[in-house]
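Undergrad: what follows is a predicted structure for the sequence shown.
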Amino acid sequence: MLGNATGGVGRGRRALILVENLSVPFDRRVWQECTTLRDAGWTVHVICPQGEKRDTEPEVEIDGVRIHRYPLRAATGGPAGYLREYGTALWHTLRLARKVGPVHVVHACNPPDLLFLPALWLKRRGSRFVFDQHDLVPELYLSRFNRGKDLLYRAVCALERRTYRAADVVLATNESYRDVALARGGRKPSDVFVVRSAPDTKRFQPVPAEEELKRGKPHLLCYLGVMGPQDGVDYALRSLAKLRDRFGRTDWHAVFIGGGDTFDAMVELSRTLGLSEHVQFTGRIPDADLARYLSTADVCLSPDPHNPLNDVSTMNKVLEYMVMGRPIVSFDLREARVSAGEAAVYAPANDEAEFAGLIAQLLDDPEKRTRMGKIGQERIGGPLAWRNSQASLLAAYARACRDRGPVPAAGARHGHEGDRTVE
């Protein structure tokens, strides 16, 4: 048994974490899980794709965590592109899992809900399966593709059911996801653990504001995050156009930090709306520059529209704004309120004019902005702190490994004695 959730509970045990949609350690949630398990005595391996500009080494050991990466081209061109992407990812994952060898726990992070296949292969060899549900894929499908509950929707629902059925333990990112695991997944409450995402407080530390980042304007607005079809950057840009046209406000500069599938389309939309002089797109930037922008921002934007996925999902950008002490404007989403509380103000669902009006109100009320920022920091340091999720993660592993005997040690035939390590 693992013992309690303090130190050394995984001594001598081996975990393998599977990720398909991001590289590691770029995936901050997965990296925090890796280091938590490492500190509890687990030997941790990760299989994930290679990044394009970072996380590019095929194999590397970072802070005691061994990462095995494979080349993967993101899907383009509709369902056929996703079949190629996922088929390639599964082949490489199985190939590298054979190299890693026997493990006590295989920990699969979705999307997609296909990693139960290599997990089942490992379960037949004595592993326990922890399903880490980062996204509700059926809701993601409805929100991203707008095709309704068609054949592909029914297929992703079937894959989710298979994943729930195969898992020994489920990790949910919030209570809404936990409710889905209990109701739709049919899981017992004792087998579902809430492990919330939390910002890395060592990475996100406020620094002195730099007025030059405002490009000569009194105020700076900031968006941080992925730019995909469901992320609402288009809503933010249309809201900024209304802030200018309906409210007569041109006393701001806005910076959009991040990249994604719709990055080029959002740059073009900004031009179409006549916002090119007001809006700057940085792409992905180093952490130090990110801290500079967030520390200078007067208001941060969380424009995720109300849809089946966003309403029940925890937005990492909201947490990152909070740790930096920034006030937030958001649409009224269930889990946004759970995360931010009074650190944000909420526009009615998808109402761009109200979103713009709330930005204007905050720009005119520096005392409220300061008060909201302090509330956010207190929440990150209290109920939303990663230490709470650490305890839940270790409890989940203890549950997964209950009554489980030792897994045979990996031999040299799996490559562990002669693996190349790159610092």
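TA: Arrived safely, thanks for sending. Nothing here was measured: the structure is a model prediction, and the numbers come from that model.

Undergrad: count of residues packed around the residue nearest to F193 when sequence neighbours are not counted?
TA: In space, and not counting its chain neighbours, F193 is closest to A396: 4.0 Å by C-beta to C-beta, 6 or more residues apart in numbering. (Each C-beta comes from the backbone N, C-alpha and C, glycine too.) Other residues lying near A396 total 25 when counted by other C-beta atoms under 10 Å.

Undergrad: try G87
TA: With other C-beta under 10 Å as criterion, G87 counts 11.

Undergrad: and it, how far from L213?
TA: Between G87 and L213 the computed distance is 44 Å (C-beta to C-beta, to the nearest Å).

Undergrad: ok, the residue nearest to F193 touching V195?
TA: Yes. Between A396 and V195 there is a contact under C-beta atoms under 8 Å: 7.0 Å.

Undergrad: which neighbours do the two have in common?
TA: Residues touching both A396 and V195 (C-beta atoms under 8 Å, 6 or more residues apart in numbering) are L171.

Undergrad: give the buried residues for stretch 157-168.
TA: By 16 or more other C-beta atoms under 10 Å, the buried positions in stretch 157-168 come out as 157, 159-160, 163-164, 166-168.

Undergrad: list the helices and strands the helix or strand containing S339 packs on?
TA: S339 belongs to helix 334-340 when assigned by DSSP states H and E. Counting by 3 or more C-beta pairs under 8 Å, 6 or more residues apart in numbering; DSSP states H and E, the packing neighbours recorded for helix 334-340 are helix 175-183, helix 316-323, strand 328-331, strand 344-347, helix 366-381.

Undergrad: can we see that at 6 Å?
TA: The contact analysis (3 or more C-beta pairs under 6 Å, 6 or more residues apart in numbering; DSSP states H and E) places helix 334-340 against no helix or strand.

Undergrad: quick check: phi and psi at H107.
TA: phi -120, psi 110 (degrees, to the nearest 10).

Undergrad: next: the one 3 residues further on.
TA: Note on N110: backbone dihedrals following degrees, to the nearest 10 are phi -90, psi 170.

Undergrad: and it, how many neighbours?
TA: Residue neighbour count, defined by other C-beta under 10 Å, stands at 23 for N110.

Undergrad: same check, this time on D245
TA: By the measure other C-beta under 10 Å, the count of residues near D245 is 13.

Undergrad: and R125, by the same measure?
TA: 13.

Undergrad: the spatially closest residue to T282 that is not a sequence neighbour pairs with what?
TA: Leaving aside its chain neighbours, T282 sits nearest to I257 (5.0 Å; criterion: C-beta to C-beta, 6+ apart). Beta-bridge partners recorded for I257 (DSSP bridges): L224, G283.

Undergrad: then V44?
TA: With DSSP bridges as the criterion, V44 is bridged to A15.

Undergrad: and it, how many neighbours?
TA: The tally of other residues near V44 (other C-beta under 10 Å) stands at 26.

Undergrad: if we can go back for a sec, go through the helix holding S339 and flag the buried ones.
TA: Buried residues in helix 334-340, counted by 16+ other C-beta under 10 Å: 335-336, 338-340.

Undergrad: tell me which residues are up against that helix.
TA: Applying C-beta atoms under 6 Å, 6 or more residues apart in numbering, the set of residues contacting helix 334-340 from outside is 174, 176, 311-314, 318, 328, 330.

Undergrad: that helix: how far from the chain's middle?
TA: Counting by C-alpha atoms, centre = their mean, to the nearest Å, helix 334-340 is centred 15 Å from the centre of its parent chain.

Undergrad: over to stretch 162-181?
TA: Centre-to-centre, stretch 162-181 and its host chain are 16 Å apart (C-alpha atoms, centre = their mean).

Undergrad: pick the one among the buried residues of stretch 157-168 closest to L220.
TA: The closest of the buried residues of stretch 157-168 to L220 turns out to be E160 (C-beta to C-beta; 40.7 Å).

Undergrad: where's the closest one relative to E33, distance?
TA: In terms of C-beta to C-beta, E160 sits 21 Å off from E33.

Undergrad: how about the helices in this structure?
TA: With DSSP state H, the ranges of helices along the chain come out as 28-39, 79-100, 116-123, 137-145, 151-166, 175-183, 233-245, 263-272, 287-296, 316-323, 334-340, 352-363, 366-381, 386-400.

Undergrad: so the first one versus helix 316-323, what angle?
TA: Per axes from the mean of the first three to the mean of the last three C-alpha atoms, to 10 degrees, the angle that helix 28-39 makes with helix 316-323 is 70 degrees.

Undergrad: thanks a lot, see you next time.
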